[in-house]
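Visitor: Provided below for reference: sequence and predicted model.
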Amino acid sequence: METIYTIPINEVFEENRNAETAACPLCLLKRRLEANELDLILGASMMEPDTRIKTNKEGFCRKHYGKMLTMKNRLGLALMLESHLDEVKKGISDGLLPFKKGASAVAYMEALGKSCYVCGRVEGHFTRMCENLAAMYGADGEFRKKLTAQPFFCLPHLEAMASAAKKVLSGKQYTAFWEDAAGVSRGYLESLREDVSWFCKKFDYRYENEPWYNAKDSIERAAAFLEGTD
């Protein structure tokens with residue numbers, strides 16, 4: 001089991017359990033992975049031959065093009081785009097021929113539309129990070145305390161952790177892991193449901209003079225719980 005993720009996992013779980021604003025720790029970790037990959041691709045990794053071969057082939061999704069356009073190294077992005085566009089030109093080279101001959105170009109464009117170098121790198125690291133997290137749960141009692149002290153786990157990342165834990169932990173350990181991780185999310189879900197309900201009631205004239213309590217941002221928090229914020 002890779003342990004390179006142990007330090008960042010421990011750091012985020014420690015910081016997040018004492019944070020003023022509730023967040024899913026896996027969302028925070030995934031955003032850090034993404035930021036690191038974007039820094040690398042426009043920095044040290046940009047001119048590495050193996051990396052350029054992959055970026056030429058896979059390109060980037062709209063989200064990551066948008067993020068790279070806001071970063072400082074626009075020349076680095078331009079250099080990658082230059083060689084990637086050459087690759088795209090090859091891929092659609094038969095697109096101007098009769099329809100039957102253009103089928104391969106359509107297939108190429110469909111595949112390209114689903115690929116992103118940064119997404120692939122982040123997902124690969126994130127899967128191994130979840131497996132590392134599950135192993136830490138099985139071996140480290142202090143980490144188990146950190147896990148159960150989290151505000152919540154969003155549903156996509158609760159599922160990601162559970163899938164990783166099935167691969168890494170024994171039956172009993174997996175059961176304990178699921179009870180702890182799902183218990184955190186269930187507790188948050190109950191309070192979130194109450195806040196959303198109160199938000200709805202505040203639009204009833206009978207409750208207009210009542211305080212908002214924790215309901216004002218409940219819609220945003222519900223979306224973050226259901227879909228994540230990474």
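Guide: That came through, no problem.

Visitor: does the closest residue to Arg221 other than its chain neighbours sit in a helix, a strand or a coil?
Guide: Distance criterion Cβ to Cβ, 6 or more residues apart in numbering; nearest residue to Arg221, sequence neighbours excluded, is Leu192 at 6.1 Å. Using the backbone N, CA and C atoms, a C-beta is placed for each residue, glycine as well. Reducing the assignment to helix, strand or coil with DSSP: H, G, I helix; E, B strand; the rest coil, the entry for Leu192 is helix.

Visitor: wait, doesn't Leu192 sit right on Phe225?
Guide: Yes. With contact defined as Cβ atoms under 8 Å, Leu192 counts as touching Phe225 (6.0 Å).

Visitor: give me the buried positions along the lowest-mean-pLDDT helix or strand in the chain.
Guide: None of the helices or strands of the chain scores lower by mean pLDDT, DSSP states H and E than helix 103-113, at a mean of 85. Neighbour counts over helix 103-113 (16 or more other Cβ atoms under 10 Å) mark Ala105, Tyr108, Leu112 as buried.

Visitor: who touches the second one in this structure?
Guide: Taking Cβ atoms under 8 Å, 6 or more residues apart in numbering as the contact definition, Tyr108 lies against Gly91, Ile92.

Visitor: roughly how far apart are it and Cys116?
Guide: Remark: distance between Tyr108 and Cys116 (Cβ to Cβ, to the nearest Å) = 15 Å.

Visitor: Leu40: which of the buried residues of helix 103-113 is nearest?
Guide: Within the set of the buried residues of helix 103-113, Leu112 lies nearest Leu40; the separation is 21.9 Å, counting by Cβ to Cβ.

Visitor: surely that closest one touches Gly59?
Guide: Yes. If you go by Cβ under 8 Å, Leu112 and Gly59 touch, sitting 5.9 Å apart.

Visitor: which intervals of this structure have sub-threshold pLDDT?
Guide: Applying pLDDT under 70 to the chain flags residues 1-2, 94-103.
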